[in-house]
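J.: Structure for this input, please:
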Amino acid sequence: MKCPMNERQMRYALFIFLFVPGRTFSQGLQEDSRVVVKTADKTEAILYSTADCPQCYYYLPVALRLSKKPGGIPEVSLVTWQNESGAEISGGIFHFLVEWGLTRGNEREIREFLRLTHDSSAVVMGPAAVTAVAEGNIIVGDDNFSQMLRKCLQSGSASTATPGAKMAFSFRFTEKEINDFMEAVKNPGKVKTRLHAAYSYELMGKWGQHVQQRIVLSMPLKEIVEQIHK
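T.: Numbers count the residues shown, from 1 in each chain. Next comes the predicted model:
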């Protein structure tokens, strides 16, 4: 049986369930409702609907990317300083922000796909309820450059479970390390390091059992490094 609510009413109901104190919210995502949609910009989203409202779809974390300021300016910076003679770079700080989530355009495109292929009243309600998983190595790679970044990481935000929320990373380099990093800036295509963010989520199986799942978002660090000095 389909929900009688329109899209605005369903989104309002989601807000009430999530934010009114005293209520316990469970999306009840159905394991057998899985849909994978690839958008025009090659974003691949995984969505699930609920038993109570089969046209209500929620998407898993997707599209880990470098954050941008209004106007499209990438949120990445590199500050360096020189030694006393002023002849050589003797250190530096590398900082960037990343986020995940669908764009409004992505959501519209996915909604239209769902309405054409699954349910004429399908609605993308928003993100699925997920929990960030603590990872020992959010900077992934076994080469010397990756090992250097893990060593120089001064602060790194925990993976956020909210789309659009920014995760900050800051690295401090000594003279040897900044020289190695500047080589990567000159040749970003050689950077093999990846940035990971992991999440767990719960599905409802065919017989009502709770099924724990995990998803890992990944992006090549070269996409961030190549933005320096652009």
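J.: separation between the residue nearest to I110 when sequence neighbours are not counted and V98?
T.: Excluding the flanking residues, the one nearest I110 by Cβ to Cβ, 6 or more residues apart in numbering is V37, at 4.9 Å. C-beta coordinates here come from the backbone N, C-alpha and C atoms, glycine included. Plainly put, V37 is 23 Å away from V98 if you go by Cβ to Cβ, to the nearest Å.
J.: Check K222 too.
T.: Noted for K222: a distance of 14 Å to V98, by Cβ to Cβ.
J.: out of those two, which sits in the busier spot?
T.: V98 (23 against 17; other Cβ atoms under 10 Å).
J.: Now do the closest residue to the more buried one other than its chain neighbours: how many residues are near it, please.
T.: Counting by Cβ to Cβ, 6+ apart, M167 is the residue found nearest to V98 once chain neighbours are left out, at 5.2 Å. Neighbours of M167 under the rule other Cβ under 10 Å: 20.
J.: I figured M167 hits L195, correct?
T.: No. Counting by Cβ atoms under 8 Å, M167 does not reach L195; the two are 9.2 Å apart.
J.: list residues touching both of these two?
T.: V98 (Cβ atoms under 8 Å, 6 or more residues apart in numbering).
J.: can you give me the helices for the protein?
T.: Ranges of helices in the chain, per DSSP state H, are 7-19, 104-117, 144-152, 175-186, 222-225.
J.: Looking at the ones you listed, spot the one closest to V133.
T.: helix 144-152 (17.9 Å; Cβ to Cβ).
J.: Could you name the helices and strands sitting against the closest one?
T.: Helix 144-152 is packed against strand 139-140, strand 167-173, helix 175-186, with contacts defined by 3 or more Cβ pairs under 8 Å, 6 or more residues apart in numbering; DSSP states H and E.
J.: and S200, which of the ones you listed is closest to it?
T.: strand 167-173 (17.2 Å).
J.: Next, the angle helix 175-186 makes with the closest one.
T.: Using axes from the mean of the first three to the mean of the last three Cα atoms, to 10 degrees, the direction of strand 167-173 lies 120 degrees away from that of helix 175-186.
J.: Work out the gap between strand 167-173 and the centre of the chain.
T.: Distance of strand 167-173 from the chain centroid (Cα atoms, centre = their mean, to the nearest Å) equals 17 Å.
J.: and the direction of that strand versus that of helix 144-152, what angle?
T.: 100 degrees.
J.: and strand 167-173, which strands flank it?
T.: Strand 167-173 pairs in its sheet with strand 89-99 (antiparallel), strand 153-156 (antiparallel), by DSSP bridges.
J.: and the residue nearest to S33 when sequence neighbours are not counted, how many neighbours?
T.: Counting by Cβ to Cβ, 6+ apart, S33 lies nearest to S49, which is 4.3 Å off, once chain neighbours are set aside. Neighbour count for S49, taken as other Cβ under 10 Å: 25.
J.: For the chain, which helix or strand comes out least confident on mean pLDDT?
T.: Across the helices and strands of the chain, mean confidence by mean pLDDT, DSSP states H and E is lowest for helix 7-19: a mean of 45.
J.: Could I get the pLDDT score of the residue of the chain positioned farthest from its centre?
T.: Distance from the C-alpha centroid of the chain, by Cα atoms, centre = their mean, peaks at S85 (42.9 Å). Note on S85: pLDDT of 76.
J.: same thing with P61?
T.: P61 is assigned a predicted lDDT (pLDDT) of 96.
J.: Read off the pLDDT value for the residue nearest the centre of the chain.
T.: For the chain, the residue nearest the mean C-alpha position is W100 (2.8 Å; Cα atoms, centre = their mean). We have a pLDDT of 96 for W100.
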